[in-house]
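Colleague: just the structure for this:
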Amino acid sequence: KFNVDDLIAKTPADPRDTSRLMVLNRATQTITHKHFYDLPEFLNKGDLLILNNTKVFPAKIYGKKETGGQVEVLLVRALENNCWAVLLREYKQGMHIIFEEGLEARVLEKQENGEIILEFNQADILPFTHKYGKMPLPPYIEAARKHAGLSKSLEGDKEKYQTVYAKTEGSIAAPTAGFHFTPRVFDVLKQKGVKIAYVTLHVGWGTFKPLRGEPKDHTMLAEFAELPPETARIINETKQNKTGRVITVGTTSTRTIESFADGRGGVTPGKKWANLFIYGDYKFKVIDGLITNFHFPDSTPLCMVCALAGEDFIYRAYSQAVEQKYRFYSFGDSMAIL
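Modeller: Okay, here's the model as predicted:
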């Protein structure tokens, strides 16, 4: 456990690729300190980077109870019949929530996983969220900003809490390992012969659901994942021809690729609700490396990086990160495990 309250990044690096990069070499067990714009130095011609092109939508909307009290609603995913799975701090069955422009919702029930089912009086509420919604920044960023005397929401959050390659809308949290990429970095990678391909995993709140007890007792909430045929083809060619490494950008990309593993070292394209939890002595079936951020203790992403690099190596890396005042979490610095 690390006391990193003062190291929580409140805003991303500017420019994005000037964030720091810690490179972990698993073969030599060595740690190198660089900046993210140095990443191409550590990749080779024929290597394949896999990025999650999901796009965050402004999923946090505000309404009022009939008694006048404010209600914060975090939209998680759309269901049938004008219903959404949402997160609410407080609720009562049958409670009505009144929003701007005639939008209303009624609480139907609470699910076993903690989500609340809301029934809206309109079929398509996305135009409303784009007009009135806020980006669903992690609560710890809002708390860190408040502690520093900043506003919880800052100008530019809608742009900054998004990767530059975000394309397919559906996430309530960004795949933050991709924040560091810029057109400049992509240009250098392509000139070097590094291949780029994309998957989609719409990040839900299950990615951040903390561990309560032993990892073996933890249940990951399923998130929608898609592995396109073209991406599968490039992965399989890379693995079969041994032309380079398959390196995922972010834990969500990793879970997607490993969820579609075919058991023969490659992948099969498709769409599914993925709930793979990678921890402990998990044997990675496809990926050879991972680019990620610095994660919370007792979190599922930290379990994954420990499974890939080993707990002792990760502990040593995090200790150095604290000593050298790396910036932590979603808007923080980067780690490449190669």
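
Colleague: let me know the pLDDT of residue 138.
Modeller: Residue 138 is assigned a pLDDT of 87 by the prediction.

Colleague: same thing with residue 4?
Modeller: Looking at residue 4, its pLDDT is 59.

Colleague: residue 7 now?
Modeller: 91.

Colleague: cool, the one 10 residues further on as well?
Modeller: pLDDT for residue 17: 98.

Colleague: and residue 271, helix, strand or coil?
Modeller: Each residue gets one of three states, and residue 271 gets strand by DSSP: H, G, I helix; E, B strand; the rest coil.

Colleague: can you give me the helices for the chain?
Modeller: With helices called from DSSP state H, the chain shows them at 126-132, 139-147, 157-160, 183-192, 229-241, 251-259, 300-309, 311-323.

Colleague: remind me what the second one packs against, helices and strands.
Modeller: Other helices and strands packing on helix 139-147, by 3 or more Cβ pairs under 8 Å, 6 or more residues apart in numbering; DSSP states H and E, are absent; none qualifies. Heads up, the C-betas are built off the backbone N, CA and C, glycines and all.

Colleague: start at 59 instead
Modeller: Yes, from this point I'll number from 59; that puts the last item at helix 197-205.

Colleague: now it - C-alpha only, PDB.
Modeller: Extracted as PDB, the C-alpha positions of helix 197-205 are listed here (Å, rounded to 0.1, in the frame of the first residue of the first chain):
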ATOM      1  CA  PRO A 197     -14.600  10.500  -7.800                       C
ATOM      2  CA  TYR A 198     -11.000  10.600  -6.600                       C
ATOM      3  CA  ILE A 199     -10.100  13.200  -9.200                       C
ATOM      4  CA  GLU A 200     -13.000  15.400  -8.100                       C
ATOM      5  CA  ALA A 201     -11.900  15.000  -4.500                       C
ATOM      6  CA  ALA A 202      -8.300  15.800  -5.300                       C
ATOM      7  CA  ARG A 203      -9.300  18.900  -7.200                       C
ATOM      8  CA  LYS A 204     -11.500  20.000  -4.300                       C
ATOM      9  CA  HIS A 205      -8.600  19.400  -1.900                       C
END
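
Colleague: list the contacts of that helix.
Modeller: Outside helix 197-205, the residues that touch it by Cβ atoms under 8 Å, 6 or more residues apart in numbering are 63, 66-68, 209-212, 387-389.

Colleague: show me what counts as buried in it.
Modeller: For helix 197-205, burial by neighbour count (16 or more other Cβ atoms under 10 Å) applies to 198-199, 202-203.

Colleague: and the end-to-end length of stretch 211-227?
Modeller: This stretch, stretch 211-227, spans 21 Å end to end (Cα to Cα, to the nearest Å).

Colleague: can you name the residues in contact with that stretch?
Modeller: When contacts are taken as Cβ under 8 Å, 6+ apart, the neighbours of stretch 211-227 outside the stretch itself are 69-70, 74, 109, 111-116, 192-193, 195, 200, 203, 232-233, 236-237, 239-241, 256, 258, 260, 388-389.

Colleague: contacts only, for residue 307.
Modeller: Residue 307 sits next to 107-110, 233, 235-236, 239, 348-349 when contact means Cβ under 8 Å, 6+ apart.

Colleague: from these, which is closest to residue 252?
Modeller: Distance to residue 252 across the contacts of residue 307 (Cβ to Cβ) is lowest for residue 107, with 6.2 Å.

Colleague: any weak-confidence spans in the stretch 109-258 of the chain?
Modeller: Within the stretch 109-258 of the chain, no range satisfies pLDDT under 70.

Colleague: farthest-apart pair in the contacts of helix 197-205, please.
Modeller: Within those, 63 and 211 form the most distant pair, 20.7 Å apart (Cβ to Cβ).

Colleague: more neighbours: the two, which one.
Modeller: residue 211 (14 against 11; other Cβ atoms under 10 Å).

Colleague: please pick out the residue of the chain most distant from its centre.
Modeller: The centre of the chain is farthest from one residue, residue 125, which by Cα atoms, centre = their mean lies 36.4 Å away.
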